[in-house]
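Visitor: Generate a structure from the sequence data that follows.
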Amino acid sequence: MPDDVVAARAAAEEASAFAHPPVEPDVTTAYGDHPDQVIDFYVPRAQVGPGGSVPLVVVLHGGAWRAPYDRRHITPFADFLAQRGFAVANVEYRRGAESPVPEGESPIAGRWPDTFDDVAAALDALPALVREAVPQADARRTVLTGHSAGGHLALWAASRHVLPADAPWRTGGSASLRGVVALAPIADFAVAEKLDVCGGAAHQLLGGEGQFGERRPYADPALLLPTGVATTLVQGRTDLVVPQAVAEAYADAAAKAGEVVGLTLLEDVGHFPLIDPAADACAVVAEEIAQLAW
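Guide: Numbering: from 1, shown residues only. Below is the predicted model:
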């Protein structure tokens, strides 16, 4: 397919994904004192499965870990999952600083260590918060999902038990998860850096030159394997934002570590249909989540 056709399709896909109005949550709960340390909860809108308690899907939004992109853009996706019978927790976290950006430059991606502090704290607080906010949810049937930078965070959150021993976020055992469904994740920082994904966002997240290599073992999912957690990556073949090669590199790293990771590649699909309720790809994502959750 010619490059100009792919680019035009990608622009249309992005416009479609962002055309949905934000969907207000049923409950919002804080897991810390910072304004970004909150979780939006959506109760299931339909009964699916055998009845009784329902699985919980934890959503981590993308946006290259940059401040302008918050959880609001992924609320239609959270609502889409709630319509499919899931309880949903849409997690906010601290992203890059909101200081003025010189003209022509992108906002800084992420904060070290705050972004990781927040995701770890949110996941640790989640079981107790879920009992209060969505009592019909069964936290023992939790699936993590995330898109783009949020896909990275989902993979990272599921691998905290294999972090280096001196990592402040390390847990004593693997998380009680049914699995992870990572959507076009920034899953291998070396490949992402080579391809200049999101304008070097992974490099910025870890603090830039001189700290990227030092911090990668604490942050790069491709170095945190095997996890022992069922994991599926969903990736569009025509993704111009996070190319297919990034997901493939993670799957290859997992295989070398003795772990099988599912990789669902979608033809003629770019970056944003994965979280666009109007796109067929979004239904594929929901089915991948359901296969792990139910």
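Visitor: Now the host helix or strand of V143: average pLDDT?
Guide: Here V143, judged by DSSP states H and E, is contained in strand 137-147. Across strand 137-147, the average pLDDT comes to 95.
Visitor: measure stretch 43-58 end to end?
Guide: 12 Å (CA to CA, to the nearest Å).
Visitor: what sits up against it?
Guide: By CB atoms under 8 Å, 6 or more residues apart in numbering, the surrounding residues in contact with stretch 43-58 are 26, 79, 81-89, 91, 123, 126, 130, 134, 136-139, 141-145, 154, 178, 289-290, 293-294. Every residue, glycine included, has its C-beta placed from N, CA and C.
Visitor: Pull out the buried positions in stretch 253-273.
Guide: 253-254, 259, 261-264, 266, 269-273 (16 or more other CB atoms under 10 Å).
Visitor: Which stretches in this protein count as strands?
Guide: 27-30, 38-42, 54-60, 87-91, 137-147, 179-183, 231-236, 262-266 (DSSP state E).
Visitor: out of the contacts of stretch 43-58, which are buried?
Guide: 79, 81-89, 91, 123, 126, 130, 134, 137-139, 141-145, 154, 178, 289-290, 293.
Visitor: Retrieve the pLDDT associated with G104.
Guide: 73.
Visitor: Distance check, it against L195.
Guide: Distance of G104 to L195, computed by CB to CB, to the nearest Å: 21 Å.
Visitor: Please say which of those two ends up with more neighbours.
Guide: Using other CB atoms under 10 Å as the criterion, G104 and L195 rank with L195 on top: 15 against 5.
Visitor: I figured that one hits A247, correct?
Guide: No: the criterion here is CB atoms under 8 Å, and L195 misses it with A247 at 11.9 Å.
Visitor: Nearest residue to G150 in space, ignoring adjacent ones along the chain?
Guide: Residue nearest to G150 in three dimensions, not counting chain neighbours: L60, with 3.6 Å by CB to CB, 6 or more residues apart in numbering.
Visitor: How many neighbouring residues does the one you found have?
Guide: L60: 31 surrounding residues under other CB under 10 Å.
Visitor: Show the contacting residues for it.
Guide: Residues V91, Y93, V119, L144, T145, G146, H147, G150, G151, L153, A154, A157 are the ones in contact with L60 under the rule CB under 8 Å, 6+ apart.
Visitor: so the first one bridges to which residues?
Guide: Same thing as V91. For V91, the beta-bridge partners under DSSP bridges are I39, L60.
Visitor: Next, the contact list for it, please.
Guide: Per CB under 8 Å, 6+ apart, neighbours of V91: I39, V58, V59, L60, H61, R71, V119, A122.
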